[in-house]
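Colleague: Structure, please.
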Amino acid sequence: FRMAPGRLTEGSTYKLGESPEGFDATQAAIAWGLGSYKFNRLKDVAKGEEKSTDDAADSTSSLVWPEGVDRDYVTSVVRGVWIARDLINLPANYMGPYELQEACQAIAEASGAEVTVIEGAELEEGFPMVHAVGKASDRPPRLVEIVKHATTGNTERTLTLVGKGVVFDTGG
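Modeller: So this is what the prediction gives:
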């Protein structure tokens, strides 16, 4: 089902008919959204125009929202995967430590998370190995911490994302 958007007539709108028992319309909508992805960001760079991921949705076929689907959930899953695909598809000269930091900050801020960027002398002091490996590059290393606080009922929860964003020519 996820292959359908790319194989159907561009710009057309489609609607699901009767579904068999056990059919999950939410998963179908996610599959449709994932299948609609196109990497257009650099398509017109030679002309001085960069496109965003959202432009991809303008050029594909669309699906009428199936009944009972949680639109917010579907949209957040699809947008998240599209963002990840864009980051993966960007050539190395477009995705250095600073550009990855900017992408992380945009994602975090859109979700209401706190962002801390550690770089320079602070990175060298607090994370000497990250600094040592990254200093081999002419693109300074950095560490981005994303923290999201949420309250469910009487319970406060904190989610901290920790990972290593490896970009070209970081030395490690």
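
Colleague: centre of the chain versus stretch 107-117, how much separation?
Modeller: Chain-centre distance of stretch 107-117: 13 Å, with C-alpha atoms, centre = their mean, to the nearest Å.

Colleague: could you pull out the helices for this structure?
Modeller: Using DSSP state H, the helices found in the chain span residues 4-7, 25-35, 71-89, 97-110, 120-126, 128-134.

Colleague: quick one, which of the ones you listed is nearest to T158?
Modeller: helix 97-110 (13.7 Å; C-beta to C-beta). C-beta: built from backbone N, CA, C; applies to glycine.

Colleague: buried sites along that closest one?
Modeller: Of the residues in helix 97-110, P97, E99, L100, Q101, A103, C104, I107, A108 count as buried by neighbour count, 16 or more other C-beta atoms under 10 Å.

Colleague: quick revisit: name the stretch among the helices of the chain that sits most buried.
Modeller: Of all the helices of the chain, helix 25-35 carries the top mean neighbour count, a mean of 19, counting by mean count of other C-beta atoms under 10 Å.

Colleague: So for E119, what's the pLDDT?
Modeller: With respect to pLDDT, E119 scores 92.

Colleague: coming back round to it: which of the buried residues of helix 97-110 lies closest to E18?
Modeller: Ranked by distance to E18 (C-beta to C-beta), these are led by I107 at 38.2 Å.

Colleague: mind putting the buried residues of helix 97-110 in CSV, distance to I146 included?
Modeller: Shown next, in CSV, are these (distance: C-beta to C-beta, whole Å):
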residue, distance to I146
P97, 15
E99, 16
L100, 12
Q101, 11
A103, 11
C104, 6
I107, 8
A108, 5
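
Colleague: from these, which single one is nearest L42?
Modeller: Nearest to L42 among the buried residues of helix 97-110: E99, at 13.2 Å, using C-beta to C-beta.

Colleague: Report the contact partners of the closest one.
Modeller: L90, V167 (C-beta atoms under 8 Å, 6 or more residues apart in numbering).

Colleague: R71 touches V64, doesn't it?
Modeller: No. With contact defined as C-beta atoms under 8 Å, R71 does not reach V64; the gap is 11.9 Å.

Colleague: can you point me to the longest strand in this structure?
Modeller: Counting by DSSP state E, the longest strand found in the chain is strand 142-152.

Colleague: Mind giving me the packing neighbours of that one?
Modeller: helix 97-110, strand 114-119, strand 155-161 (3 or more C-beta pairs under 8 Å, 6 or more residues apart in numbering; DSSP states H and E).

Colleague: hang on, V117 packs against I146?
Modeller: No. When contacts are counted by C-beta under 8 Å, V117 is not listed as touching I146 (10.2 Å).

Colleague: So for these two, which sits in the more crowded spot?
Modeller: I146 (19 against 16; other C-beta atoms under 10 Å).
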